[in-house]
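In: Let me see the structure of the following:
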Amino acid sequence: MSSILSYLLPQKLTECSSKYNNHIRVNDEYGMRKLLVNGSVQSGRYIQSLWKGAIKKFGISKDLAWKNILVFGVGGGTVIDILHEKFPNARITAVDIDPMIIDIAKKYFLTRDCSYIRFVSADAKAYVTKTEKQYDCIVIDIFIGNAVPDFVKTKEFIGNCRKGLSPNGVLLVNYLQDREYGEKSKEFNRTLQSIFSRVLDYRRANNRFFNASIV
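Out: As a prediction, this is how the structure comes out:
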């Protein structure tokens with residue numbers, strides 16, 4: 001439950017570090033919890049608005065009836081919550097390399113019944129090569145602080161994600177377009193175009209979202 005004080009000043013709920021992240025903090029701000037990792041906002045009202053805008057722009061509706069979803073990058077569970085609201089019958093596999101982030105997501109963000117989620121602490125690069133399941137949607141939302149790891153835009157990783165999609169599956173990616181990511185996002189777009197038949201993008205502020213599909 002949010003504190004009324006959070007409408008006046010941010011209230012710190014927890015602060016810690018892990019093997020993968022130097023500084024993790026959860027605040028209660030304006031009645032909503034916010035996750036900051038290495039100083040970068042990774043959940044909260046702003047991140048929620050970004051994802052909702054992308055999903056609306058890409059026309060992702062309940063009519064798709066997705067049953068199996070794979071999410072790389074748990075954070076504060078923002079995209080997990082949004083997808084569960086839209087596809088309440090879907091099973092979601094949520095993968096994050098940092099078990100501390102998973103624990104924080106479960107304790108402070110995904111606090112209602114989350115039996116629909118299977119949490120896995122693993123490296124996305126390795127996990128995608130081992131999974132034999134096919135997914136209706138794979139989400140890539142991987143950040144280390146305010147940076148996207150370089151492996152995300154490689155043909156090897158994206159090619160392995162494509163193999164993990166069902167015939168009508170969709171790949172959703174939260175990427176960046178500010179600073180050095182101006183050129184990197186162009187390079188990433190070319191990689192997606194070389195692997196998928198259809199690629200859409202949605203730009204807002206510093207972020208660039210991609211929607212890639214086989215058909």
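
In: going forward, measure contacts and count neighbours with C-alpha atoms only.
Out: Fine.

In: Look at I55 and give its secondary structure.
Out: Under the three-state scheme (DSSP: H, G, I helix; E, B strand; the rest coil), I55 adopts helix.

In: Any idea how many residues pack against it?
Out: 19 (other CA atoms under 10 Å).

In: Tell me the spacing between it and L171.
Out: 12 Å (CA to CA, to the nearest Å).

In: what about the helices in this structure?
Out: 45-57, 78-86, 99-104, 124-130, 155-163, 181-195 (DSSP state H).

In: State the pLDDT value of the most centrally placed residue in the chain.
Out: The centre of the chain sits closest to D141, judged by CA atoms, centre = their mean, with a distance of 3.0 Å. In this model, D141 is scored at 98, pLDDT.

In: before we move on, what about I101?
Out: For I101, the predicted pLDDT is 98.

In: Over to P10?
Out: Value for P10, per-residue pLDDT: 84.

In: check contacts around it.
Out: Contact partners of P10, counting by CA atoms under 8 Å, 6 or more residues apart in numbering, are 27-30.

In: burial count for N160?
Out: The burial count for N160: 17, using other CA under 10 Å.

In: thought it was touching T129?
Out: Yes: between N160 and T129 there is a contact at 6.3 Å, judged by CA atoms under 8 Å.

In: Show me which pair in the contacts of P10 is furthest apart.
Out: Of all pairs drawn from those, the widest gap by CA to CA lies between N27 and Y30 and measures 9.7 Å.

In: Of these two, which one has the most company?
Out: N27 (22 against 18).

In: For that one, give me the pLDDT.
Out: 96.

In: measure the residue nearest to it when sequence neighbours are not counted to S194 for me?
Out: Excluding its sequence neighbours, the residue lying closest to N27 (CA to CA, 6 or more residues apart in numbering) is K12, at 4.5 Å. Distance of K12 to S194, given as CA to CA: 45 Å.
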